[in-house]
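Visitor: got a predicted model here, sequence first, then my questions.
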Amino acid sequence: HSNGNVSGSPYSILPNAPTGSSVVIYALVVLLARGIFIVGLPIQQLGLAIAICGWLLARLGKPSEIEAESASSFGSQVWDGIGGGLLLVGWLVCIEESFPFQATMVSGLALSFFTQRLQYFSLRRDLAAIFLIGLQSLFLLWRLIPSQLQQSAIAIFTQFTDSSSDALLSLALFPYIISWVGLTDWLYRREKNKLARFGEWLTLILGVTLTAISTLSHTTQSLNLLLSTITLGIVASRRLPLRVSLVYLTHITGLLTVFSIIYEWFPNLSQVAWATILLILMVGEWIVATMGCFWRAKPSQIIQNTDKNTPQSPSQVRGERQEVTRKTPHSPLQKNHSPFPESCWYIGFILAGISYMLLWNETFTANFIIPSTSQQFGLLWLLTPLTLTGVASRMSGNQRRRKEASWWSIIALIMMQCITLPFSGGRLISLALATGLMWINTGYLKELAAASINIGFGLSYAAMLLWEGIPGLAKLSGGDWFLAGAIAIIALWLLQKWLIQRHGTLAALYAQASDTWALTLSALELFLLILHSYLGYQDIVSGSWQYPTASILIGIAILFRYWQEQTESGFYGINLAVELAVAEGILLANGSSLSLSIGNIILGLVILLCTDWFVKRESISSRLRIHSQGLPLFYATFGIALRAAYFTPYTGLLTLGGALTFIAVGCRYPQNRSISYLGIAGISIAWYELAIYQMLQTPGGSPADGFTILAGLAAAIAIIYRLFAWFRQLRHHPHLLNFTIAEITNIAHIHWVIGSALILLAATTSLGTTPKLRTFGVGISFVLALYAIIQGRYPKQRNKTNLPQNPPSSSTHDFWVYLGLIEVAVTGIYTRLTWTQLGILDPWRVIVSCGFAIFLYQIPWWRGGWNIIPWQRYAIVSPLLTVLTIWLKGDVISDLNLFAIASFYGWIAKCQVNLRWTYFSLFFVDWAIARYFDRLELTDPLWNAMLIGLSILYIAQIDPELQIPAQRQTRHYLYLLGSGIICLVALLCHQDTGVIPAIISIIAIFAGLGVRVRAFLFVGTATFLLTTFYQLVVLSFRYPFSKWVIGLIVGILFISIAANFERRREQIISILQNWVAQLSRWA
């Protein structure tokens, strides 16, 4: 090489190119150009020459020794690119030849080209190019073989394998896979780890492709899988440290090989047969896994499978061995276990799962599609839990694996029931074996869940045994199952009692599990009994003796369980069992829900008595004592709810019994009186219900009579409660049951309000009818009024003197008096409405009312303990209310009645020394006078104006408030208003002659001068002047000449007045000032 004069510029075109190669390249280029463009040779014949030219160009600039830095120069890369392109062109030119000799040679040159690049650069794309070129070279070599020889070879192998020619490709190309396995092994030895891993992936992809092609024929598939398994096994054994994924891949491929061979030899195997094969393989896998736990392997041979952990060099392998030794010892693969036993362990689960799906499918077929199919095949899967339990038994030195195997065995036992439960023979065997295996697994696990599952299997076995029937015994009916469940609950709690007395962890676990199962079964059976009772009372199902017996047994079982351990759940469970026993007993006797209501009310009263004894026991906890005290409420409430749909002669008694229960329970809770109030309300409702039922049974009654009876009942209840309160107060007892005396009194008052409202409804509905019980209604109304009036009495100490008391108007006692008197008034109205014979008193109603008011006003009520003021106020208002009532009805009030009520209020004014009461007298007198004017047809407005004006003047004259000096101006205005109304109406209505206004004005003037009232003088003077002026104006218009005479006279008069004023100024001024001073002192 002549490279001494050319130095190292990286962009030298031929830095080290040998002269001989350059000459050869030049010659080839000349020959190619002459052959193509001058001679005109076919280009297909020049493919090899083009490729050789490209190969030689690629070799230019390459050093004799492998130096990657020199080979990666720019010039070298340029020549590589040109050379590679020419190689590709040469291959494309000659690839379509029928005898691809040139293409084969070009492929060889390409392999040489990329092999050289691989040596220089170690690039994965070069390795991929080598892989693809080598693969296509095989097809080119196959085309070089004569066609007759090809056909003979294909015929021999297709006949031998009984497959198609396409399927043979999966075997023909397998040597290429083996060669590449060797190549990757060589790369590992050359410490080309990245290239080796890439080569393995290429080989794996080709292997998977060939396996997919092999599926075209069963024989080729089996042979391909067999070769793949052997190859993978060799590779896995030669790759240290062992890679887990490679081990798993080899293992799975081997199993697929076995399955393929079996399918080829026995293609018509059923699903059950395949499930059997899978189960046998599963057992073998787990046996190997179990034995593998005792095998020991070197730490350097165990490593988790990740690509980054593949070895790179022997020195690195040694380093990794040390690193693996230093890793955490908690990984399963780092506890000196081989990956192969681990793969056996997990692949065994896959085999078990596939076999389960096959058996499940067969179970579905046997159940729904072909019922005649054999029903015992599901028992084959018993191998799975049996084997897992056996694995657990051999893992005494590996507790983690033992627990894992035991739990998987439990899961398998549960899963197995799904494929054996539909078949009568298999399910008993399955459940019996499950019960036994669970006992073994529980011994290994020592956990509560396992013990619970074991007891569950045992109970299931017993249930299935009873379901299928024990020889000599009839099959259980619906009620028998409830009885069997109750017996099972008792047995479980007896078992728990026995196990508690034993020692050991298992005994404690099984005792707790038995208790849990007993509680669960008792809750479930109680719920089902509730459902059965509901359906029974709906006439959907019938009763039998087993149901109440089961309820009693469950109650006894719960009592046995919680006799020493007092809990709320046990307490309520016992009472629920009692309730269900009563309900089922009544249902057995063909009773209705009303009978159940009676039973619950009686049961509530009985429980009420029993809890009195129960709470007195010192051993009872305070919390349970509280719950037991309120328990009768449940029975009472439930009983009342059950009878809600019924209305019979004694349903009211049921409500009464429930109410008494509420009151009795309420006495146990003195701080909470809501229960007692509900009981009081229930008592009232019960009596009303009894009364209403009796009323509904009587035909022909009116609503007014019904309301009257209910009002009488309310009055009776109110009086009874009030007498109770009075009696307890008289005995100096502040309480009655759970109520204070004040609360009892308030309850009585509430019933009085109800009675008053009902009697008011009776009075309203009696309009236009003649009730039969009108006399009774009037009596009830008077009783209610008397009740209220008696409530208005003050305590005795308030009335020690003979003087009437005058408490504030807001006093409760006075309020009750008002209510009683109003009740009296309502009673009077009700009496009048119901007795039409009393109509003869209608013209005298006001007089009667006034007489009754005088009677009430005069009686010394304070001697009886009442405040006199309410009575007097009612006496004062009652005649006025009578008049108002008559007026609202549209009746005519006679003049006698008007004068009577006017006289009454005059008498009241005298008695109370208060003239203001005469205003009412004035009003009624004015009413009578106005009606008199109307009868006389005095339609002149002056009459009514005089009536109104004089009334106003009367008020201004006598009102005590207006007599004080501070109200002088107000009184003056009223004088002006009253006199002004009269004079103004006279002036406006009598303008023709002016005589009446003049007379009235003169009277007003003289009245003002006489009584010294300014308003009269002012109004009279103003009216007189206005009248005079108006008449002069009228006169001047009627008689024009008089206008001049009047003007002359008025002028002379004004001149005379002016002359006298100027002559006697001081005297006139003095007189006027004297008049003003005197006038200011007038009213």
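Guide: Nice, I can see it.
Visitor: residue contacts, the residue nearest to L947 when sequence neighbours are not counted?
Guide: The shortest distance from L947 to any non-neighbouring residue, by CB to CB, 6 or more residues apart in numbering, is to D926 (5.6 Å). C-beta: built from backbone N, CA, C; applies to glycine. Contact analysis of D926 by CB atoms under 8 Å, 6 or more residues apart in numbering lists L947, I948, S951.
Visitor: quick one: D926 and S951, what's the gap?
Guide: 6 Å (CB to CB, to the nearest Å).
Visitor: just to revisit the earlier point, state the distance from the residue nearest to L947 to G994.
Guide: Counting by CB to CB, the gap from D926 to G994 is 29 Å.
Visitor: S702 too?
Guide: Counting by CB to CB - S702 and G994 are separated by 70 Å.
Visitor: more neighbours, these two?
Guide: Per other CB atoms under 10 Å, whichever of S702 and G994 has more neighbours is G994, with 20 against 16.
Visitor: surely the more buried one and Y1030 touch.
Guide: Yes - with contact defined as CB atoms under 8 Å, G994 reaches Y1030; the gap is 6.7 Å.
Visitor: buried stuff in stretch 535-552?
Guide: Within stretch 535-552, the residues that count as buried by 16 or more other CB atoms under 10 Å are G536, Y537, V541, G543, S544, Q546, Y547, P548, T549, A550, S551, I552.
Visitor: what sits against V883?
Guide: By CB under 8 Å, 6+ apart, V883 lies in contact with V846, I893, N897, I901, F924.
Visitor: does the residue nearest to L947 lie in a helix or a strand, and which?
Guide: According to DSSP states H and E, D926 maps onto helix 918-935.
Visitor: also G1020?
Guide: Here G1020 is assigned to helix 1014-1038, by DSSP H and E.
Visitor: name the helices or strands packed onto that helix?
Guide: helix 968-989, helix 995-1011, helix 1040-1063 (3 or more CB pairs under 8 Å, 6 or more residues apart in numbering; DSSP states H and E).
Visitor: buried residues in it?
Guide: 1014-1020, 1022-1024, 1026-1027, 1031-1032, 1036.
Visitor: among these, which one sits closest to I1052?
Guide: Proximity of those to I1052 (CB to CB) peaks at L1032, which lies at 15.2 Å.
Visitor: gap between that closest one and S766?
Guide: Applying CB to CB to L1032 and S766 gives a distance of 72 Å.
Visitor: helices of the stretch 501-650 of the chain, residue ranges please.
Guide: 505-537, 546-561, 568-588, 593-614, 622-642 (DSSP state H, counting those that start in this stretch).
Visitor: need these in a markdown table (columns: distance to I455).
Guide: As requested, the helices of the stretch 501-650 of the chain are exported to a markdown table (distance: least, CB to CB, whole Å):
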| stretch | distance to I455 |
| --- | --- |
| helix 505-537 | 5 |
| helix 546-561 | 16 |
| helix 568-588 | 20 |
| helix 593-614 | 33 |
| helix 622-642 | 29 |
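Visitor: redo the ones you listed as CSV? Include distance to S406 and mean pLDDT.
Guide: Shown next, in CSV, are the helices of the stretch 501-650 of the chain (distance: least, CB to CB, whole Å; pLDDT from 0 to 100):
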stretch, distance to S406, mean pLDDT
helix 505-537, 14, 93
helix 546-561, 30, 92
helix 568-588, 33, 88
helix 593-614, 47, 83
helix 622-642, 41, 79
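Visitor: ok, which of those helices comes nearest H733?
Guide: Here helix 593-614 is closest among those (CB to CB), at 21.9 Å.
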